[in-house]
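J.: What would the 3D arrangement of this be:
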Amino acid sequence: MSADRLKRITVEVGKCGGRPCIRGQRMRVSDVLELLANGASHDEILADYDFLEGEDTYAAIEYAAHQADHSVLQSL
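T.: I've put the predicted structure just below:
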């Protein structure tokens with residue numbers, strides 16, 4: 001996990017419902033992940049959202065991976 005990369009993810013009260021965003025912009029981590037999941041390339045995202053930087057998409061992916069990395073307890 002890259003601490004420097006994860007610094008790009010911000011959470012602010014009153015912005016995007018308190019959801020994780022990219023560098024204080026009104027672009028949620030989930031927005032970037034949905035674009036990628038729907039087939040948008042890294043370069044397409046950067047072209048469509050000129051305020052994003054190259055490391056921002058990787059930060060979103062790394063943040064999601066970190067959030068998903070926990071034990072899941074299953075009932076018997």
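J.: make it CA atoms for all contacts and neighbour counts henceforth
T.: Fine.
J.: show me what contacts Ile9?
T.: When contacts are counted by Cα atoms under 8 Å, 6 or more residues apart in numbering, Ile9 touches 20-24, 29, 59-60, 63.
J.: can you give me the helices for this protein?
T.: 3-6, 29-37, 42-48, 54-68 (DSSP state H).
J.: For the last one, name the packing helices and strands.
T.: The one in question is helix 54-68. helix 3-6, strand 9-10, helix 29-37, helix 42-48 (3 or more Cα pairs under 8 Å, 6 or more residues apart in numbering; DSSP states H and E).
J.: cool, and the shortest one?
T.: With contacts defined as 3+ Cα pairs under 8 Å, 6+ apart, the secondary structure elements packing on helix 3-6 are helix 54-68.
J.: same check, this time on the third one
T.: Counting contacts by 3+ Cα pairs under 8 Å, 6+ apart, helix 42-48 is packed against helix 29-37, helix 54-68.
J.: Go through those and find the least confident stretch.
T.: When the helices and strands packed on helix 42-48 are compared by mean pLDDT, helix 54-68 comes last with a mean of 94.
J.: CA atoms only: put that helix into PDB for me.
T.: Taking C-alpha atoms only, helix 54-68 is exported to PDB below (Å, rounded to 0.1, in the frame of the first residue of the first chain):
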ATOM      1  CA  GLY A  54      -2.700   9.900 -13.700                       C
ATOM      2  CA  GLU A  55      -2.100   8.700 -10.100                       C
ATOM      3  CA  ASP A  56      -5.700   9.500  -9.200                       C
ATOM      4  CA  THR A  57      -7.200   6.400 -10.900                       C
ATOM      5  CA  TYR A  58      -4.500   4.200  -9.400                       C
ATOM      6  CA  ALA A  59      -5.300   5.700  -6.000                       C
ATOM      7  CA  ALA A  60      -9.000   4.800  -6.400                       C
ATOM      8  CA  ILE A  61      -8.100   1.200  -7.200                       C
ATOM      9  CA  GLU A  62      -5.700   1.000  -4.300                       C
ATOM     10  CA  TYR A  63      -8.200   2.500  -1.900                       C
ATOM     11  CA  ALA A  64     -10.800   0.000  -3.000                       C
ATOM     12  CA  ALA A  65      -8.400  -2.900  -2.700                       C
ATOM     13  CA  HIS A  66      -7.500  -1.800   0.800                       C
ATOM     14  CA  GLN A  67     -11.200  -1.400   1.800                       C
ATOM     15  CA  ALA A  68     -12.000  -4.900   0.500                       C
END
